[in-house]
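Participant: below are the sequence and a predicted model; questions follow.
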Amino acid sequence: MLVLLPTKLLSGGSSMDKERQQEQQRVDGIVAKIKKYLKKKEQEYSKAHLETSSVEKNYVQNAKINTFEIDDRIETNAEVQQQKQLVAKSIETETILKRQVKTLKALQESPYFGRVDILDEDEATPETLYIGISSFVDESQNFLVYDWRAPISSIYYNGTLGKVSYETPIGKQKTELLKKRQFLIQNAQIINMFDTNETVGDSILQEILGNASDEYMKNIVATIQQEQNAIIRDTSSEMLLVQGVAGSGKTSAILQRIAFLLYHSRRELNADQIVLFSPNLLFSHYISEVLPSLGERNMRQVTLAEFFSQRFEGLNVETLFDNYEKQLTSPTAINKYKKAKEAPAFMHAIKEYVLNVSINDLQFTDIMLNDRVIFTKEAIKETYASLPEALSPSQRFLETKNLLIKKLKVLLTEETHSNWVVDKIATLSDEEYFALTSDYRHSHFKGLDEEEDYLALKLVKRRFQSVYDAIYNNYFIDIYRQYSDFLKENLKDAEHLFETELEFHRLSLTDCAPLLYLRDLLTGGGQNQRIQHLFIDEIQDYSLAQIIYLKFAFPKAKLTLLGDSEQALFSDFQESVEFLDTLKTALNVAKSRIIQLNKSYRSTSNITNFIKSLLPDGDKIQAFTRPGTKPKILLAQDYADALRKIVKELSQLLRTNSTVAIITNNMEESRMLYHKLHSSCSATLIDNTARALPKGVLILPIYLAKGLEFDAVIAYNASSRNSQLGTLYTICSRAMHELVLVSIGEISPLIRNVPANLFAVEHQITLPRKS
Ligand SMILES: Nc1ncnc2c1ncn2[C@@H]1O[C@H](COP(=O)(O)OP(=O)(O)OP(=O)(O)O)[C@@H](O)[C@H]1O
C-alpha cells in the first residue's frame, strides 16, 4: 500500500508550501534553460531542413538530366549516386534534430515527474536527482534531469525509503533512499506534488485514470508500478510471459519495455529489429504514439493476418476474425481438424516428415515460361537426387537451386542465337536501346559483335526473369501438394478440405503455420535472423503451432508474450503456469519467466468488481480505487425495445463521455445495430478495415475492440443466447468509466451469480439463481 507522509506537511502545511515554492522555482529555472536549448535546436533543425530540401532538389535535377545523350549519362550516374548519399545523410540529421526538438518541447511543458534524494555510503551529503522522460544536461554536463530508463531511476519505481540497490552496467550499486517525491507538472506549473514512501502513488494515478479516453494510448512513464517495472527492465529472460488481467497495463508495460530496451542497448539494437504482433489495425494505430512520445522510433508492427498474407501471395488467407465469425455459425466443420493442426505434435510431425521424406515423394513441378517447359520435374528430381544423401533437405534444395541457375545460364547463352532475339535487335527503338544499355559504358563496346551479344543477353535475361525468380523462390516444388501428402499420412481425410479450399484460392488459418513450417524446413528459408525481440500481444489468441512457427521464423529473437487467458475468444482457457510449461517445452527455451499482473487500472472499482465476479477465479483481480457508478443492466422485451433503450441510454452517456462504444458479439450484430441507429444518433460503424477511432458513438464487434478502451461501453447483447464467458468478460472490461449491459429476453446465466449489489437493473426483476 502507498504510505503518504502526514498530509499537513504535504498539502496545507506552510513547510510544504515553502517547499512547493522552491520546487516551482527550480522548475522555472530548468524550463528557462530548456527553452534556450530548444531555440538553438529549432534553428539547427530549420537549417537542416533547408539543407535537405536543397540537396533533394539537386538530386532530382541531376537525375533528370537528359539521359539520352550518352556522355552526359555516364557522368550523371556517378553524380546521382553521390547526391543520393548526401540526401540520405541530410535526412538522417534532420530526423535526429526533429526528434530532439519534439522531446525538448515535451520537457518544457513537464520537465520531470519524480525526485529522489539519495545518500551513497561514502558520501557525507545527500544528492537530489530529478527524473523525466528524457535526460537534460546543462553546459557543464550536470544532469538536471535523469532519463527514466537510467539505472539510478529504477529506485524511483522500485525502492521504498531506506537501503536500496539498483543494477548498473558494472554491477549492483547500493545507496540509501531518503526521499521520494512525485510531481504532476503541466504547462511548466506544478499541479500536484507529494512525498511517498513506497511505489509510485495512487493520488496522481487516480487523476490520470479519471481522464477521458483518447484516440492514442498514452505513455505511463510517470506512474509505472513496481510489478510493471519488472517487465520493463527485464533484460535477461529469453522468454518473458506476462499474464495480466484485463486493464492491468500489459500493453502499456511492453511499450515502455521497448523504449527501455532501445535505451539500454542503444548501440546494438534499433527499432527495426523489434517486431510486435498486434491484434488488429485499429490497435496498431491506437498504440502508435507511445514510443514517439518518449522520443523513440516505433518498432515494426504486424498483425498475424498481414504476416501470413504476405507469405501466401495469390491466396485468400483466412483471418482470425473470419475464423471467429465462422465458428459462431458452423462450429463443428471448423473445429474438426483445428485442434490437431494447432498442437505442437503436429509441428513436430512436420519436422519428422521433412527429415524422412523420400525423393520419390517430393512433389517437384515443371518450370515453365508461358507454355514452354524450361526444366521438367524429372530433370529437377534428377538434379536433386544427384546430391549427397548426407545433406539435409534444405541444403539439397539450395544446391539444386544453384545447379538449376547454372543450367539456366547455359540455356540463356544458347537462347541469344535464336531468331526472336536477332529480329528484336534489328528493330529496337532508340528508347529501348538506351534502356537496355543504361548500365554499360557504351564507348567501351569493342565492336558491333560485342554490342550485339550484350543486347542479346540483356533481352534474353529479361524474358527469362520469371524463370530465374521461380528457381530462386523454390517454385519447382509444389508445396501445397506436398502438404496435402503430409495431411494424407498424418491426419486422415483432412487433405480433402484443404484441397477444396485451395481450389477456391483460400487457405484456412489453421493450415498457415504448418504449411509455412513445411516449406521453410524443406527449402531452407523464411527465417529472419536480424530481429532481436519479438513481442506478441493477446497471446491467448495464438495457437501453439503458430507460436512455434513464429519462434522458428525469428530464431534470434527474445520473446515477450502477453495475454490474459480469461479473454480467450478463439480458444479454451488455460492456466498461466500450465501455459508457460507448455510453451517452454514447445519452444525449448532455457531462461523463461512469468510475471502476473492482477491489479486492473482501466475501469472504476465498481466496474472491475462487477467483472471479477463474472469469473470463477475472479478473486485474484484487484480493483484500483476509483469512484464511478455501478454497471447497469437494461432488460428489453424484444429487439425494438432494446433499440429504444439504447437510444435513450446513449443520450445520457454522451453527456459525460466523449466516446461510447456499443460492442457486439459479431459483425452482423454490429451492422444491424448501425443500420437501425445511425439515423437517430450519428454513430460510426467500425469494421476490420478501420484504422482510426473517432469520438462519439462507435459500433463494433468484440474482436475489433481487443486491447482498446472507451469511456463508456454498452455490451450488446448479454442475453442467455450469448453465453460465452471470454466474450462477455472482454466486452465489459473495455469500459473505463461507465458500463451498460443490454439483454433481450432472459439475461445470460453468466450474470446470475453476480451479487445483486454490484449492479443496477433498470426494472425490478428477479434473476433466477442457478441451483
Ligand atoms: N502504471 C500505470 N499508470 C497509469 N496508467 C496505467 C498504468 N498501468 C495501466 N494504466 C492504464 O490502464 C489502462 C489499461 O492498460 P493496458 O491497455 O496497457 O492494459 P492491458 O492489460 O493491455 O489491457 P487488456 O488486456 O484489457 O487489453 C490504460 O489506460 C493504461 O494507460
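Facilitator: Received it, and whenever you're ready, just let me know what you need.

Participant: would you check that residue 120 makes contact with residue 166?
Facilitator: No - taking contacts as CB atoms under 8 Å, residue 120 lies outside contact range of residue 166: 11.7 Å. The C-beta positions use only the backbone N, C-alpha and C, and glycine is treated the same way.

Participant: how about residue 686, phi and psi?
Facilitator: phi -110, psi 120 (degrees, to the nearest 10).

Participant: was I right about it contacting residue 708?
Facilitator: No - counting by CB under 8 Å, residue 686 stays clear of residue 708, with 9.7 Å between them.

Participant: which neighbours do the two have in common?
Facilitator: Between them, residue 686 and residue 708 share these contacting residues under CB atoms under 8 Å, 6 or more residues apart in numbering: 282, 693.

Participant: how about the residues of the stretch 201-350 of the chain by the ligand?
Facilitator: 205, 208-209, 218, 220, 223-225, 228, 244, 246-252 (CB under 6 Å from any ligand atom).

Participant: for the ligand, what's its nearest residue on the stretch 1-150 of the chain.
Facilitator: Nearest residue of the stretch 1-150 of the chain to the ligand: residue 113, at 11.0 Å (CB to the nearest ligand atom).

Participant: so what pLDDT did that residue get?
Facilitator: Predicted confidence (pLDDT) at residue 113: the value is 93.

Participant: who's in contact with the residue in the stretch 151-300 of the chain positioned nearest to the ligand?
Facilitator: Going by CB to the nearest ligand atom, the ligand is nearest to residue 249 of the stretch 151-300 of the chain, at 2.9 Å. For residue 249, the contact set (CB under 8 Å, 6+ apart) comprises 220, 225, 228, 597, 601.

Participant: which of these tops the neighbour count?
Facilitator: Greatest neighbour count in the contacts of residue 249, by other CB atoms under 10 Å, goes to residue 228: 28 neighbours.

Participant: wait, what's in contact with that one?
Facilitator: By CB under 8 Å, 6+ apart, residue 228 lies in contact with 220, 249, 252, 253, 256, 597.

Participant: neighbours of the third one, how many?
Facilitator: Just to be clear, that refers to residue 252. Taking other CB under 10 Å as the criterion, the count of residues near residue 252 is 25.

Participant: check contacts around it.
Facilitator: Applying CB under 8 Å, 6+ apart to residue 252 gives the contacts 217, 219, 220, 228, 290.

Participant: that one belongs to a helix?
Facilitator: Yes - assessed with DSSP: H, G, I helix; E, B strand; the rest coil, residue 252 lies in a helix.

Participant: quickly note the distance from the closest residue to residue 584 other than its chain neighbours to the ligand.
Facilitator: Closest residue to residue 584 apart from its sequence neighbours, by CB to CB, 6 or more residues apart in numbering: residue 592 at 5.4 Å. Distance of residue 592 to the ligand, computed by CB to the nearest ligand atom, to the nearest Å: 20 Å.

Participant: residue 497 and the ligand: what is the separation?
Facilitator: Distance, residue 497 to the ligand, using CB to the nearest ligand atom: 33 Å.

Participant: host element of that residue?
Facilitator: helix 494-503 (DSSP states H and E).

Participant: which residues touch that helix?
Facilitator: Contacts for helix 494-503 (CB under 8 Å, 6+ apart): 315, 336-337, 340-341, 480, 483-485, 487-488, 507-508, 511.

Participant: OK, contacts around the closest residue to residue 294 other than its chain neighbours?
Facilitator: Distance criterion CB to CB, 6+ apart; nearest residue to residue 294, sequence neighbours excluded, is residue 259 at 4.7 Å. By CB under 8 Å, 6+ apart, the contact set of residue 259 is 149, 219, 290, 291, 294, 296.

Participant: which of these sits closest to residue 35?
Facilitator: Set against residue 35, the nearest of the contacts of residue 259 by CB to CB is residue 294 (20.8 Å).

Participant: ok, the closest one touching residue 221?
Facilitator: Yes - counting by CB under 8 Å, residue 294 touches residue 221, with 6.6 Å between them.

Participant: what touches both of these two?
Facilitator: Here residue 294 and residue 221 have 133, 256 as joint contacts, going by CB under 8 Å, 6+ apart.

Participant: which stretches of this protein have low pLDDT?
Facilitator: Applying pLDDT under 70 to the chain flags the ranges 1-14, 59-80, 198-202, 327-335, 439-444, 568-576, 722-723, 763-771.

Participant: write out the residues of it neighbouring the ligand.
Facilitator: Contact residues (CB under 6 Å from any ligand atom) of the chain with the ligand: 205, 208-209, 218, 220, 223-225, 228, 244, 246-252, 564, 601-602, 707, 709, 733.

Participant: about what we covered before: helix or strand right after the helix holding residue 497?
Facilitator: Heading C-terminal from helix 494-503 (DSSP H and E), you reach strand 506-507.

Participant: tell me how far the helix or strand just after that next one lies from the chain's centre.
Facilitator: Per DSSP H and E, the first helix or strand lying C-terminal to strand 506-507 is helix 509-523. Averaged C-alpha coordinates place helix 509-523 at 22 Å from its chain's average position (CA atoms, centre = their mean, to the nearest Å).

Participant: can you name every helix or strand that helix 509-523 contacts?
Facilitator: Applying 3 or more CB pairs under 8 Å, 6 or more residues apart in numbering; DSSP states H and E, one finds that helix 509-523 contacts helix 304-311, helix 320-329, helix 331-342, helix 344-356, helix 393-415, helix 479-490, helix 544-553.

Participant: which parts of the second one are buried?
Facilitator: By that I understand helix 320-329. 320, 321, 322, 323, 324, 325, 327 (16 or more other CB atoms under 10 Å).

Participant: let me know the angle separating it from helix 544-553.
Facilitator: Here helix 320-329 points in a direction 170 degrees away from that of helix 544-553 (axes from the mean of the first three to the mean of the last three CA atoms, to 10 degrees).

Participant: restrict helix 320-329 to CA atoms and write it as PDB.
Facilitator: What follows is helix 320-329, C-alpha atoms only, in PDB (Å, rounded to 0.1, in the frame of the first residue of the first chain):
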ATOM      1  CA  LEU A 320      -8.700 -14.800 -37.000                       C
ATOM      2  CA  PHE A 321     -11.800 -12.800 -37.400                       C
ATOM      3  CA  ASP A 322     -13.200 -14.800 -40.400                       C
ATOM      4  CA  ASN A 323     -12.400 -17.800 -38.300                       C
ATOM      5  CA  TYR A 324     -14.200 -16.500 -35.300                       C
ATOM      6  CA  GLU A 325     -17.300 -15.500 -37.300                       C
ATOM      7  CA  LYS A 326     -17.300 -18.900 -38.900                       C
ATOM      8  CA  GLN A 327     -17.000 -20.600 -35.500                       C
ATOM      9  CA  LEU A 328     -20.100 -18.800 -34.500                       C
ATOM     10  CA  THR A 329     -22.100 -20.000 -37.500                       C
END
